[in-house]
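what shape does this take:
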Amino acid sequence: MGKHHLGEFEEIVMLTVAILHDNAYGNAIIKEMESRLNRNVSIGSLQTVLRRLEKKGYLASEFGEATKERGGKRKRFFTLTKYGQKILEETKNQRLSLWNAIPKIALGK
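A predicted model of the protein is given here:
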(Lines give C-alpha, C1' and ligand atoms only; values in the text may rest on other atoms or scores of the structure.)
Protein backbone atom coordinates (compact mmCIF):
# COMPACT_ATOMS: atom_id res chain seq x y z
CA MET A 1 0.00 0.00 0.00
CA GLY A 2 1.04 3.57 -0.60
CA LYS A 3 1.84 5.97 2.19
CA HIS A 4 -1.66 7.44 1.99
CA HIS A 5 -4.57 5.57 3.48
CA LEU A 6 -8.21 6.50 3.19
CA GLY A 7 -10.72 5.07 5.58
CA GLU A 8 -13.91 3.70 4.04
CA PHE A 9 -16.02 6.71 5.04
CA GLU A 10 -13.35 9.15 3.84
CA GLU A 11 -13.23 7.41 0.47
CA ILE A 12 -17.02 7.44 0.17
CA VAL A 13 -17.16 11.15 1.04
CA MET A 14 -14.48 11.99 -1.54
CA LEU A 15 -16.22 9.91 -4.21
CA THR A 16 -19.52 11.63 -3.44
CA VAL A 17 -17.92 15.07 -3.65
CA ALA A 18 -16.58 14.07 -7.07
CA ILE A 19 -20.02 12.80 -8.16
CA LEU A 20 -21.70 16.05 -7.12
CA HIS A 21 -18.88 18.12 -8.63
CA ASP A 22 -19.93 21.80 -8.31
CA ASN A 23 -22.90 21.06 -6.05
CA ALA A 24 -21.15 19.26 -3.17
CA TYR A 25 -22.31 20.80 0.09
CA GLY A 26 -23.31 19.16 3.37
CA ASN A 27 -26.95 18.22 2.81
CA ALA A 28 -26.45 17.34 -0.86
CA ILE A 29 -23.55 15.04 0.06
CA ILE A 30 -25.67 13.32 2.71
CA LYS A 31 -28.64 12.86 0.36
CA GLU A 32 -26.40 11.43 -2.38
CA MET A 33 -24.65 9.03 -0.02
CA GLU A 34 -27.89 7.87 1.57
CA SER A 35 -29.63 7.30 -1.76
CA ARG A 36 -26.69 5.48 -3.37
CA LEU A 37 -25.61 3.41 -0.37
CA ASN A 38 -28.87 2.98 1.54
CA ARG A 39 -27.19 3.99 4.78
CA ASN A 40 -27.82 6.83 7.20
CA VAL A 41 -25.21 9.56 7.51
CA SER A 42 -25.16 12.08 10.34
CA ILE A 43 -24.26 15.68 9.62
CA GLY A 44 -21.78 15.59 12.52
CA SER A 45 -19.79 12.65 11.17
CA LEU A 46 -19.83 14.17 7.68
CA GLN A 47 -18.59 17.56 8.91
CA THR A 48 -15.79 15.90 10.89
CA VAL A 49 -14.59 13.98 7.83
CA LEU A 50 -14.93 16.97 5.50
CA ARG A 51 -12.73 19.06 7.84
CA ARG A 52 -10.19 16.22 8.13
CA LEU A 53 -10.01 15.75 4.35
CA GLU A 54 -9.63 19.47 3.82
CA LYS A 55 -6.83 19.61 6.42
CA LYS A 56 -5.05 16.78 4.58
CA GLY A 57 -5.29 18.78 1.36
CA TYR A 58 -7.63 16.30 -0.40
CA LEU A 59 -10.58 18.70 -0.51
CA ALA A 60 -10.98 22.45 -0.81
CA SER A 61 -14.03 24.50 0.11
CA GLU A 62 -15.53 27.88 -0.47
CA PHE A 63 -18.72 29.61 0.52
CA GLY A 64 -21.50 30.17 -1.98
CA GLU A 65 -23.90 33.09 -1.95
CA ALA A 66 -26.38 33.63 0.89
CA THR A 67 -29.89 32.42 0.09
CA LYS A 68 -33.33 33.31 1.46
CA GLU A 69 -34.19 29.61 1.77
CA ARG A 70 -31.37 29.23 4.28
CA GLY A 71 -32.21 32.39 6.22
CA GLY A 72 -29.28 34.26 4.70
CA LYS A 73 -26.78 31.54 5.51
CA ARG A 74 -24.23 30.54 2.90
CA LYS A 75 -23.51 26.97 1.81
CA ARG A 76 -19.94 25.66 1.97
CA PHE A 77 -19.15 23.88 -1.29
CA PHE A 78 -16.44 21.22 -1.45
CA THR A 79 -14.30 20.14 -4.39
CA LEU A 80 -11.54 17.60 -4.86
CA THR A 81 -8.08 19.09 -5.10
CA LYS A 82 -5.56 17.75 -7.63
CA TYR A 83 -3.89 16.02 -4.70
CA GLY A 84 -7.24 14.52 -3.65
CA GLN A 85 -7.81 13.27 -7.19
CA LYS A 86 -4.40 11.60 -7.09
CA ILE A 87 -5.15 9.94 -3.74
CA LEU A 88 -8.51 8.66 -5.00
CA GLU A 89 -6.88 7.24 -8.11
CA GLU A 90 -4.20 5.50 -6.01
CA THR A 91 -6.89 4.07 -3.73
CA LYS A 92 -8.86 2.81 -6.73
CA ASN A 93 -5.76 1.14 -8.18
CA GLN A 94 -4.95 -0.50 -4.83
CA ARG A 95 -8.49 -1.89 -4.55
CA LEU A 96 -8.49 -3.15 -8.16
CA SER A 97 -5.12 -4.80 -7.63
CA LEU A 98 -6.50 -6.69 -4.65
CA TRP A 99 -9.71 -7.68 -6.48
CA ASN A 100 -7.72 -8.86 -9.49
CA ALA A 101 -5.50 -10.99 -7.27
CA ILE A 102 -8.38 -13.08 -5.91
CA PRO A 103 -8.50 -16.50 -7.57
CA LYS A 104 -11.84 -17.11 -9.27
CA ILE A 105 -12.33 -20.24 -7.20
CA ALA A 106 -12.20 -18.17 -4.01
CA LEU A 107 -15.27 -16.28 -5.19
CA GLY A 108 -17.10 -19.44 -6.22
CA LYS A 109 -16.62 -18.93 -9.95
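
okay, now the sheet partners of the helix or strand of the chain with the lowest mean pLDDT, with direction.
Each helix and strand of the chain was given a mean pLDDT (mean pLDDT, DSSP states H and E); the minimum falls on strand 59-66 at a mean of 86. Sheet partners assigned to strand 59-66 using DSSP bridges are listed as strand 74-80 (antiparallel).

count of residues packed around the closest residue to residue 6 other than its chain neighbours?
Leaving out its chain neighbours, the residue that sits closest to residue 6 by C-beta to C-beta, 6 or more residues apart in numbering is residue 91, at 5.2 Å. In this view, the C-beta of every residue, glycine as well, is placed from N, C-alpha and C. Close neighbours of residue 91, defined as other C-beta atoms under 10 Å, add up to 19.

now do residue 33
The number of residues packed near residue 33 is 21, by other C-beta under 10 Å.

numbering from 54 from now on, please.
Right, with 54 as the first residue, what we last looked at is residue 86.

what mean pLDDT does the strand or helix carrying it have?
Residue 86 belongs to helix 79-90 when assigned by DSSP states H and E. The average pLDDT within helix 79-90 is 95.

tell me what angle it forms with strand 127-133.
Calculated by axes from the mean of the first three to the mean of the last three C-alpha atoms, to 10 degrees, helix 79-90 forms an angle of 50 degrees with strand 127-133.

picking up where we left off before, list of residues touching the least confident helix or strand of the chain?
With contact meaning C-beta atoms under 8 Å, 6 or more residues apart in numbering, strand 112-119 is reached by 67, 70, 78, 103, 106-107, 125-134, 137.

next: stretch 90-97.
Residues outside stretch 90-97 that contact it (C-beta under 8 Å, 6+ apart): 65, 79-80, 82-83, 86-87.

if we go to 6 Å?
Contact with stretch 90-97 is made by 83, 86-87, as judged by C-beta atoms under 6 Å, 6 or more residues apart in numbering.

and stretch 77-88, by the same measure?
Outside stretch 77-88, the residues that touch it by C-beta under 6 Å, 6+ apart are 69-70, 73, 94, 99, 128, 130-131.
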